[in-house]
Every structure is written in C-alpha cells, then in structure tokens.
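1. Please find the sequence and the predicted model below.
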Amino acid sequence: QYLATAPTEPEQRGMAYYNLGYTAFQRKNYAKAREYFDRFITEFGDAATPQTLADAWNRTADCHFYARNFKAAAKAYAQAADTDSGQGDYALYQQAFVQGLQRDYTGKVSSLNRMISQFPQSTYVDDALYERGRAYVQMEKNEQAIASFKELTEKYPESALARKAMSETGMLYYQDDKY
C-alpha cells in the first residue's frame, strides 16, 4: 500500500523495498527477499548509505546461499565487502565459507587470512581460525591446520570452537603418528 501511494523520493521508496526484503527474509522466503533487495540495490542503491547498501548486498548473498547458488552468493558477498569495508568481516567470512563449499580451499584460506588481518577485533575471528584449520585439513596440510587450531585455542580459550579445535588437533597428531 505504501509503495502505491508513496512519495517519489528515492530514499523513501528504496527503504520500503529494503524493509520488504527484511520482512521476507525473516519469514525465510528467500526468493522474494532477494527480489526486494535486488530492486533496492538496482533502483535505489545510489541514494542509499554505504552501510545500508552493503547490508542489502549481504542479505542478497545470504538469499543466494540458502538457495545453494554459491557462485552468485560469493559474488554478492564480494560486492558487500567492496561497498562498505566496515561490514567486510561478515562478507569475507561468508565468502570464504562458500569457497570451502566449492572445494576451493586455497581461496578459502586466502579469504580467511584477509578477514583476520583486516578485522582482528571481529566477532568472527575464532570462527575464521577454525575454518582455516578445517581448510588446511582438507588440503592435507596438517601442520598448518594444527597451527591454526593452536592460534584459536590460545587467543579464544573460552570459545566452543576452541574445544573442537583441540579435538581436531589430537586427531591430526594421531594421524601423523605423534602420540
């Protein structure tokens, strides 16, 4: 109803599409949410703040991710990180996660290293260290995996992932006959 009678100012109309996108997203209607976010980005992105635009790119990427369209998700996460570097930690972490799902473990490690170095205070750093270790395991680089898990357990000993990292480390030592 609002859009049918709304003023023509791009900022107000754009925020209506942005909010409709979030409404659909919360209802787990990811296809509809992506349509609204895409329309917001395409038609009103120039009038939006970089933070709002980057957030819309992140949600668009999440919608692609849930639809298992990983190539489009990675592209949208990259766009989010480029749009507002302040929100880049989530975008880079998710982009790395997608790379792992696509079995691009070298790319995953690279993206995680970039995220960790650019956002050392991010709430995702412990997740990133764990995922980096898991990528090294997939690449059969046990020493690098152990180093990543060790960094996680030393910097974030209270993290639930630290306990998982210790378990992974034990298994890696066992596999390498380092009892």
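-> Arrived safely, thanks for sending.

2. Have a look at this structure and report the helix or strand with the lowest mean pLDDT.
-> Lowest by mean pLDDT, DSSP states H and E among the helices and strands of the chain is helix 2-5, with a mean of 79.

3. outside of that helix, which residues touch it?
-> With CB atoms under 8 Å, 6 or more residues apart in numbering as the test, helix 2-5 has contacts from 13, 16, 17. Using the backbone N, CA and C atoms, a C-beta is placed for each residue, glycine as well.

4. Now do the buried residues in the next helix or strand after that helix.
-> As assigned by DSSP states H and E, the chain's next helix or strand after helix 2-5 is helix 10-26. Buried residues in helix 10-26, counted by 16 or more other CB atoms under 10 Å: 13, 14, 15, 16, 17, 18, 20, 21, 24, 25.

5. Please apply the same query to stretch 81-95.
-> So stretch 81-95, judged by 16+ other CB under 10 Å, has buried residues 81, 83, 84, 87, 88, 89, 90, 91, 92, 93, 94, 95.

6. Kindly report the same for stretch 152-169.
-> 152, 153, 156, 159, 161, 162, 164, 165, 168, 169.

7. just stretch 99-118 next, same as before
-> 99, 100, 104, 105, 107, 108, 109, 111, 112, 114, 115, 116.

8. got any ranges where this protein has weak pLDDT?
-> 6-7, 10 (pLDDT under 70).

9. that older thread, buried ones in the least confident helix or strand of the chain, by neighbour count?
-> Using 16+ other CB under 10 Å as the test for burial, helix 2-5 gives no buried residues.

10. Now do the contacts for residue 34.
-> Listed by CB under 8 Å, 6+ apart, the contact partners of residue 34 are 21, 60, 63, 64, 67.

11. just how off-centre is stretch 170-179 within its chain?
-> Taking CA atoms, centre = their mean, to the nearest Å, one finds the center of stretch 170-179 at 31 Å from the center of the full chain.

12. How many neighbouring residues does residue 178 have?
-> By the criterion of other CB atoms under 10 Å, residue 178 has 10 neighbours.

13. Find the nearest non-adjacent residue to residue 71, please.
-> residue 102 (7.9 Å; CB to CB, 6 or more residues apart in numbering).

14. The one you found and residue 70 touch, don't they?
-> Yes - assessed by CB atoms under 8 Å, residue 102 is found in contact with residue 70 at 5.6 Å.

15. Strands - which of the buried residues of stretch 152-169 land there?
-> Assigned to strands by DSSP state E, none of those qualify.

16. Could you tell me which of those residues are located in helices?
-> Among the buried residues of stretch 152-169, the residues falling in helices (DSSP state H) are 152, 153, 161, 162, 164, 165, 168, 169.

17. sorry, back to before: now do the least confident helix or strand of the chain: distance to the chain's middle.
-> Relative to its parent chain, helix 2-5 has a centroid offset of 34 Å by CA atoms, centre = their mean.
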